[in-house]
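Peer 1: coords below, sequence missing:
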């Protein structure tokens, strides 16, 4: 929501709720996977869920309720004006932040295992220890 405020100068309560739901999904995903799962797969999972949730929220808020909070119809590669490729790509860094922030919250607040991330899996395995 803060990014939306900075970009457009306003936001909507639906974005606050959606952001909270996405963060919870990132947190639940983090809780249920092993550290060996490559970070790119975690990001991809949260990103796809984010896009689906943004689309569903847009269909409810903008189309069904007629609130017209956003309209990406003029943007390239849009889907019914509710999601578009340029903004979808901006969600990727936000997904990374949500995943890492969630892990570190669990580490510092609940004493869980210190986060560590595998960037790729296989013979050329690289790890980034948080």
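Peer 2: Sure, I can see it. As the structure is a prediction and not an experimental result, all values here were calculated from the model.
Peer 1: All the strands of the protein, residue numbers only.
Peer 2: With DSSP state E as the criterion, the chain has strands at 78-79, 83-84, 116-120, 126-129.
Peer 1: Name the residues of stretch 89-101 that come out as buried.
Peer 2: 91, 94, 95, 96, 98, 99, 100 (16 or more other CB atoms under 10 Å). Where C-beta positions appear, they are placed from N, C-alpha and C, glycine not excepted.
Peer 1: swap in stretch 65-78?
Peer 2: Residues of stretch 65-78 classed as buried under the neighbour-count rule (16+ other CB under 10 Å) are 69, 70, 72, 78.
Peer 1: show me the residues around the last one that make contact.
Peer 2: Applying CB atoms under 8 Å, 6 or more residues apart in numbering to residue 78 gives the contacts 72, 84, 85.
Peer 1: could I get the residues you listed as TSV with pLDDT and distance to residue 54?
Peer 2: As requested, the contacts of residue 78 are exported to TSV (pLDDT from 0 to 100; distance: CB to CB, whole Å):
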residue	pLDDT	distance to residue 54
72	95	10
84	96	10
85	97	12
